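Trainee: Whatever this is, show me its structure:
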Amino acid sequence: MPSTAELLEIGAKSLQAGAVTGAIGTVFGAGSGIIRGAPPALFALVAGLQWFSLGSTYIASKSLLWHAWGGEENLSKSDHVKASGIAGGVSGMVGGMFRGPKNILPGILFFSMLGAGSSFVSQRAKDSELKEPKTKTSWLDSKWSPMRSLSDKEYVDMLEEKVLRLDAEIAVIDENIASLKATAQLPAESKANSISPQKK
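Mentor: Predicted coordinates:
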């Protein structure tokens, strides 16, 4: 049995769904009334109430079934389809009551099939999305782009190559500095050698 807080949450979700479906039903009802030449306000009100009852009872029934069967996260795909089918049948029964006793059984059958079918299609769509993850594409992957994106390994290799090039340039500069120092010392030594005999 759901707790009071859970029942309030289920009730709030059901009312929200009912409000959305009721608004859609009101629009369709008004349009139907205009087409038939009947009072659009009356048709809008009746259709809005019918659609509100369909949406709210469907969500409430499905949520209560999920809770009774252990929670949505613990249900298998077939359990989701069953719950949607049963909830569709309940909402179809309520919708059929608005139209008279003869419409109850057809309403149960139609909305059961609609609920189960839509849930089955939804589960299949989720499975296909999981099996085929979308690969992220970038404008750099285009063959017309002058640049391209690098993998982590390519980036590391490029950095190592730059470091080696810098090391080679530093080694050449060190050699040049050493040779300049050596050439600067040679004239100084020759001058010192030429001055020392004169002092004697």
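Trainee: and A38, what are its phi and psi?
Mentor: Here is the backbone geometry of A38 (degrees, to the nearest 10): phi -100, psi 170.
Trainee: S149 too?
Mentor: Dihedral angles for S149 - degrees, to the nearest 10 - are phi -80, psi 140.
Trainee: remind me which residues of this protein are low pLDDT?
Mentor: 1-2, 131-146, 187-200 (pLDDT under 70).
Trainee: if you set the cut-off to 80 instead, what comes out?
Mentor: Confidence mapping of the chain against pLDDT under 80 gives the ranges 1-3, 6, 71-73, 127-150, 184-200.
Trainee: gap between the closest residue to D127 other than its chain neighbours and A125?
Mentor: Of all residues not flanking D127 in the chain, K77 sits nearest, at 8.0 Å (Cβ to Cβ, 6 or more residues apart in numbering). Backbone N, C-alpha and C define where each C-beta goes, glycine included. Applying Cβ to Cβ, to the nearest Å, the value for K77 to A125 is 12 Å.
Trainee: the more surrounded of these two?
Mentor: K77 (14 against 10; other Cβ atoms under 10 Å).
Trainee: now that one: how far from L64?
Mentor: Distance from K77 to L64, by Cβ to Cβ: 20 Å.
Trainee: Quick check: next helix or strand after the strand or helix carrying L7?
Mentor: Assigned by DSSP states H and E, L7 falls within helix 4-36. Remark: after helix 4-36, the chain's next helix or strand is helix 40-68, criterion DSSP H and E.
Trainee: Could you figure out how far that next one is turned away from helix 4-36?
Mentor: With axes from the mean of the first three to the mean of the last three Cα atoms, to 10 degrees as the basis, helix 40-68 and helix 4-36 are set at 150 degrees to each other.
Trainee: Show me what helix 40-68 is packed against.
Mentor: Where contact means 3 or more Cβ pairs under 8 Å, 6 or more residues apart in numbering; DSSP states H and E, helix 40-68 is packed against helix 4-36, helix 77-99, helix 104-131.
Trainee: so where's the longest helix in the protein?
Mentor: Longest helix in the chain, counting residues (DSSP state H): helix 152-199.
Trainee: quick revisit: out of the helices and strands packed on helix 40-68, which gets nearest to E154?
Mentor: helix 104-131 (29.3 Å; Cβ to Cβ).
Trainee: Can you name every helix or strand that that closest one contacts?
Mentor: helix 40-68, helix 77-99.
Trainee: can you give me how far that helix is from the chain middle?
Mentor: In terms of Cα atoms, centre = their mean, to the nearest Å, the centre of helix 104-131 is found 22 Å from the chain centre.
Trainee: Then stretch 49-63?
Mentor: Put simply, stretch 49-63 sits 27 Å off its chain's centre (Cα atoms, centre = their mean).
Trainee: okay if I get the helices and strands packed on helix 104-131 as a markdown table plus distance to L105?
Mentor: Converted to a markdown table, these look like this (distance: least, Cβ to Cβ, whole Å):
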| stretch | distance to L105 |
| --- | --- |
| helix 40-68 | 16 |
| helix 77-99 | 7 |
